[in-house]
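A.B. asks: sequence first, predicted coordinates after that:
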Amino acid sequence: MIRFEDVSVTYEGAAEATVRGVDFEVPEGELVLLVGPSGVGKSTVLGAVSGLVPHFTGGTLRGRVTVAGRDTRTHKPRELADVVGTVGQDPLSHFVTDTVEDELAYGMESLGLAPEVMRRRVEETLDLLGLADLRDRPIATLSGGQQQRVAIGSVLTPHPRVLVLDEPTSALDPAAAEEVLAVLQRLVHDLGTTVLMAEHRLERVIQYADQVALLPAPGAPLQLGSPADMMAVSPVYPPVVALGRLATWSPLPLTVRDARRRAGSLRDQLAPSAASRAARAAPDPKRGGTPQARPSDPAPTRRWLPFLRNHKPTPTTPPATAQPTAEIQALSVRRAHIQALRQVDLTITPGEILALMGRNGAGKSTLLNTLVGLAEPTTGSVSVGGLTPHRTPPPTLIRHVGLVPQEPRDLLYADTVAAECTAADHDADATPGTCRTLLSTLLPEITDVTEDTHPRDLSEGQRLTLALAVVLTARPPLLLLDEPTRGLDYAAKARLVTLLRNLAAEGHAIVLATHDVELAAELAHRVVLLADGEVIADGPTAEVVVSSPSFAPQVTKILAPQRWLTVAQVREALG
Ligand SMILES: Nc1ncnc2c1ncn2[C@@H]1O[C@H](COP(=O)(O)OP(=O)(O)OP(=O)(O)O)[C@@H](O)[C@H]1O
Ligand SMILES: Nc1ncnc2c1ncn2[C@@H]1O[C@H](COP(=O)(O)OP(=O)(O)OP(=O)(O)O)[C@@H](O)[C@H]1O
């Protein structure tokens, strides 16, 4: 159904081809997962299937890509639209109409389907993707995850034979991701739909793949094989595989269920450390709970950019006497007729890393927005460093709080990476070069990107890192990140974890709104769960996530009833 014959793509101005010698086939009715580190060219391969590369992106495509027998060099994307449905990384750029129902119907209208067929498929898709309650809503008022579900729904309704999906679950909560993937699997199994999908959160998707197409490094040949074979050699792999590699299980487990079946002896080996951890763990006086295990590395340095040194500082529990960085009291926010937050109380203290979790639409972004003055309290109060955010002028506020938004492009407005960094230095009154240094430290590969690259042409991970560098340039005591691991591979995520731990050790308070349960398990001191605008749990990470089937990380599920959160903890305990 999809055939690549010795394909290489070179973007304009690039010294070398982004992908080269790509040669593989995807048979009809298979789901193939495209795996590889950030910036390796996954979106480029996907774009070559939908025709967006090179017709829309520019550059040169050598070799041949055919989809259902059509050559994508000679067929423009719209001439492939009846066969290929594409969801890119940025749902907003997809939408052509204003409301959910219109958007679901649009693709079918352009193909001239009969009104009764359109009606039926819209209803089916609203049900399948849990969008029925949102059918009349303007798309612009939906949360990030709700928008992503609409974007997926809008490509499903025309029943294309081929689906090309670039990180389709990146903004979805864990339960919604499972629902969407189950729908895709049904299409593959029941209708013979062919799916080519790139996704960084392999823990969510690997079990659905028939085959894995691996791009291990820039310019390296693409390898196609069974998920287990590819996971044995891939530089990127989910925690279940990391645990399998650590325990030398063969074949490698790909699901929590597989791993649980083999975990008996590992649990036995870990039992003494689990018992001694339990005995050591003193109740946390501040929160009345058991603190999670913490690395016992050297004391943190006070230097700015300490992550330059590759050390793991001890996450600090803030002293009880510390002045709060931010305080939220009885906060309610109404947006149009939607009650986005209800009576939220939250105190954020210096040095703490707090993960805000909850289903799509629970109110996480709204809460972050109130902290940076982008949303106003309807009732209640918000105070950051003693200031009321929505009444504070931005030049003052950026020194107190910075938000890396869900769509980094909402923050980036210059035409080049260099101009973006210069503007950030200027806005923050920082020494020229501060932003650029931050950027290269966060993402060493950024040196491959010229100063003149348009932020739009960066890969998703690169763009997010640029936005993070821009925000950090002003060194705000409160750093907010909305879904920061969207588009990041495991290595970039590990660098982000080190960076954020070090910032916290310096006294920065960090709040992450995230659906990435593995990130929360690894990084957060505390998890606040929101449901329908209300706080339903607030406590140490281990306590909040352990009891939740949706929010527990893979290692916790595999090794229960012992309470381990990450592979790193298990490795340390095994010595
Ligand atoms: N339109 C474009 N013009 C110039 N360079 C581009 C363009 N699109 C992508 N690139 C570059 O090509 C490389 C591969 O990008 P691509 O988005 O395909 O990688 P990716 O594997 O999908 O990355 P990620 O996982 O971070 O999304 C990156 O260095 C990127 O900067
Ligand atoms: N401008 C708006 N007008 C009306 N309703 C809105 C607006 N922005 C958000 N909402 C609604 O407020 C609720 C909370 O949205 P919010 O974006 O805070 O959720 P979230 O928890 O961040 O979701 P996600 O995980 O999908 O990003 C949702 O029901 C959303 O549809």
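C.D. replies: On my side now, so go ahead. Ligands and ions are numbered 1, 2, ... in the order given.

A.B. asks: alpha carbons only for contacts and neighbour counts from here, please
C.D. replies: Will do.

A.B. asks: can you tell me the closest non-neighbouring residue to residue 325?
C.D. replies: Using Cα to Cα, 6 or more residues apart in numbering and skipping the chain neighbours, the partner closest in space to residue 325 is residue 349 (5.1 Å).

A.B. asks: how close does the one you found sit to residue 381?
C.D. replies: 17 Å (Cα to Cα, to the nearest Å).

A.B. asks: show me which of those two is the more surrounded one.
C.D. replies: residue 349 (25 against 18; other Cα atoms under 10 Å).

A.B. asks: for residue 539, see how far away the more buried one is.
C.D. replies: In terms of Cα to Cα, residue 349 sits 14 Å off from residue 539.

A.B. asks: what's the answer for residue 150, then?
C.D. replies: 33 Å.

A.B. asks: do the same with residue 84
C.D. replies: In terms of Cα to Cα, residue 84 sits 46 Å off from residue 539.

A.B. asks: I'd like the average pLDDT over the helix or strand harbouring residue 3.
C.D. replies: Under the criterion of DSSP states H and E, residue 3 resides in strand 2-10. Strand 2-10 shows a mean pLDDT of 96.

A.B. asks: same question, stretch 178-193
C.D. replies: 93.

A.B. asks: how about it: buried residues?
C.D. replies: Residues of stretch 178-193 classed as buried by neighbour count (16 or more other Cα atoms under 10 Å): 178-181, 183-185, 187-188, 192-193.

A.B. asks: how does the protein divide into domains?
C.D. replies: What automatic domain parsing lists as the domains of the chain is 2-236, 306-400+476-574.

A.B. asks: pLDDT weak spots in the stretch 401-550 of the chain?
C.D. replies: 445-450, 460 (pLDDT under 70).

A.B. asks: how about the helices in it?
C.D. replies: In the stretch 401-550 of the chain, helices defined by DSSP state H, counting those that start in this stretch lie at 417-428, 434-442, 460-472, 490-505, 517-523, 541-546, listed in chain order.

A.B. asks: could these go into JSON lines alongside distance to ligand 1?
C.D. replies: Formatted as JSON lines, the helices of the stretch 401-550 of the chain follow (distance: least, Cα to the nearest ligand atom, whole Å):
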{"stretch": "helix 417-428", "distance to ligand 1": "11"}
{"stretch": "helix 434-442", "distance to ligand 1": "14"}
{"stretch": "helix 460-472", "distance to ligand 1": "4"}
{"stretch": "helix 490-505", "distance to ligand 1": "9"}
{"stretch": "helix 517-523", "distance to ligand 1": "17"}
{"stretch": "helix 541-546", "distance to ligand 1": "27"}
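
A.B. asks: now, the buried residues of stretch 178-193 that are in helices?
C.D. replies: 178-181, 183-185 (DSSP state H).

A.B. asks: residues near residue 572, how many?
C.D. replies: 10.

A.B. asks: before we move on, what about residue 93?
C.D. replies: 10.

A.B. asks: before we move on, the earlier item: tell me which of the helices of the stretch 401-550 of the chain sits most buried.
C.D. replies: Mean neighbour count (mean count of other Cα atoms under 10 Å) peaks for helix 460-472 among these, with a mean of 25.

A.B. asks: and that one, what other elements does it pack with?
C.D. replies: When contacts are defined as 3 or more Cα pairs under 8 Å, 6 or more residues apart in numbering; DSSP states H and E, helix 460-472 sits against strand 401-404, helix 417-428, helix 434-442.

A.B. asks: any idea of the angle that helix forms with helix 434-442?
C.D. replies: 140 degrees (axes from the mean of the first three to the mean of the last three Cα atoms, to 10 degrees).

A.B. asks: CA atoms only: put whichever helix or strand comes after the strand holding residue 3 into PDB for me.
C.D. replies: Per DSSP H and E, the first helix or strand lying C-terminal to strand 2-10 is strand 19-26. In PDB, the C-alpha atoms belonging to strand 19-26 read as follows (Å, rounded to 0.1, in the frame of the first residue of the first chain):
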ATOM      1  CA  VAL A  19      16.800  11.000   5.200                       C
ATOM      2  CA  ARG A  20      18.600   8.900   2.600                       C
ATOM      3  CA  GLY A  21      18.300   5.400   1.000                       C
ATOM      4  CA  VAL A  22      14.900   4.800   2.600                       C
ATOM      5  CA  ASP A  23      13.500   1.600   1.100                       C
ATOM      6  CA  PHE A  24      10.600  -0.200   2.600                       C
ATOM      7  CA  GLU A  25       7.000  -1.300   2.100                       C
ATOM      8  CA  VAL A  26       3.900  -1.300   4.200                       C
END
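
A.B. asks: which strands or helices does strand 19-26 pack on?
C.D. replies: Counting by 3+ Cα pairs under 8 Å, 6+ apart, strand 19-26 packs on strand 2-10.

A.B. asks: so which residues on the stretch 1-150 of the chain come close to ligand 1?
C.D. replies: Listed as neighbours of ligand 1 in the stretch 1-150 of the chain under the rule Cα under 6 Å from any ligand atom: 11, 18, 38-44, 57.

A.B. asks: just the buried ones from these?
C.D. replies: Looking at those with 16+ other Cα under 10 Å, the buried ones turn out to be 11, 18, 38-44.
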